[in-house]
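Student: quick one: sequence plus predicted model below, questions after.
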Amino acid sequence: MGQPERDHHFLHTNVFLRYASGNSGEAEHYIETILTQAAAAKRRVWVSSILFAQLKPSMFVPGRFATLDDLARHIRSLAILVTPDPNTMLRVARLRDAKWQRPVKADEPDEMPRTLSFGDAIEIASALWVKEAGGVADLKFLMFDDLSPADAKASGRLSLLRLQDYARNARENSDVMAAVRLTRIEPLFQANPIPQSASAE
């Protein structure tokens, strides 16, 4: 992969927070390039306004940014904040109500349905708003997969990067289909986009 494409990035809150804390690992250069382009060339980078609810003063450690106010100003200077309107919040509710299940396999027992967390549902619905209402058909939703398989199984939560694996009967639910079709990427130069609509049953 060459330089990150411009104007088409929605950053999950966990991407910005890892970058701000210097904890984005091998994704550091990729994220830095996107944000530098946004700052220098006035490119569009979208983030959910719920990001600010994650900026706990007690959790802030000076590093890339000297103060919490510096970080907040930096976000405002380069990002377009997406604050869910009532219709988007109704979609959040529908996404949370959806039953996410893997296809039944003969050699495995049927699993209990999984659910999207409130925060993840807001992130997905906000990115879909940018894609649909904002007319950014090729939007790239960047996120880190913070759940190990064991954690995901124990918590019943979903990996946003693997939504397609739990989209059984997805074609019966337009919101689920929209979420599965949203291009989701880990912010690595070698990462492959993950729009998996073709696998949804």
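Tutor: That came through fine.
Student: helices along the chain, start to end?
Tutor: Assigned by DSSP state H, the helices in the chain fall at 13-21, 28-41, 68-78, 86-97, 118-132, 149-155, 174-181.
Student: please identify which of those helices is closest to P187.
Tutor: Set against P187 and scored by Cβ to Cβ, the helices of the chain come closest in helix 28-41, at 4.8 Å. (Glycine included, C-beta is placed from N, CA and C.)
Student: need the contact list for G25.
Tutor: R18 (Cβ atoms under 8 Å, 6 or more residues apart in numbering).
Student: if we go by neighbour counts, what in stretch 131-146 is buried?
Tutor: Burial within stretch 131-146, assessed by neighbour count using 16 or more other Cβ atoms under 10 Å, is assigned to 131, 134, 136, 139-144.
Student: specify which member of those residues is nearest to N14.
Tutor: N14 has its nearest neighbour among these in F144, at 5.0 Å by Cβ to Cβ.
Student: how about the contacts made by the residue lying closest to Y30 once chain neighbours are set aside?
Tutor: Once flanking residues are discounted, Y30 sits nearest to P187: 4.8 Å by Cβ to Cβ, 6 or more residues apart in numbering. For P187, the residues meeting the contact criterion (Cβ under 8 Å, 6+ apart) are 15, 24, 27, 30-31, 34, 142-144.
Student: coming back round to it: tell me which of the helices of the chain sits most buried.
Tutor: With neighbours taken as mean count of other Cβ atoms under 10 Å, the helices of the chain reach their highest mean count in helix 118-132, at a mean of 22.
Student: which outside residues touch that helix?
Tutor: 10, 12-13, 46, 48, 50, 82, 84-85, 88-89, 91-93, 95-96, 116, 136-137, 139, 141, 143, 157-158, 160, 178-179, 182.
Student: now with 6 Å?
Tutor: Residues outside helix 118-132 that contact it (Cβ atoms under 6 Å, 6 or more residues apart in numbering) are 10, 12, 46, 48, 50, 82, 84, 88, 91-92, 95-96, 136, 139, 141, 160, 178-179.
Student: farthest-separated two in the contacts of P187?
Tutor: In those, two members sit farther apart than any others by Cβ to Cβ. They are I34 and F144, at 14.2 Å.
Student: before we move on, the earlier item: return the backbone torsion pair for the residue nearest to Y30.
Tutor: When read as degrees, to the nearest 10, the backbone of P187 gives phi -80, psi 70.
Student: any idea how far it lies from S159?
Tutor: 15 Å (Cβ to Cβ, to the nearest Å).
Student: before we move on, what about V15?
Tutor: 15 Å.
Student: next: I34.
Tutor: 22 Å.
Student: show me where the chain dips below the pLDDT cut-off.
Tutor: Along the chain, the model assigns pLDDT under 70 to residues 1-7, 41-43, 105-111, 146-157, 189-201.
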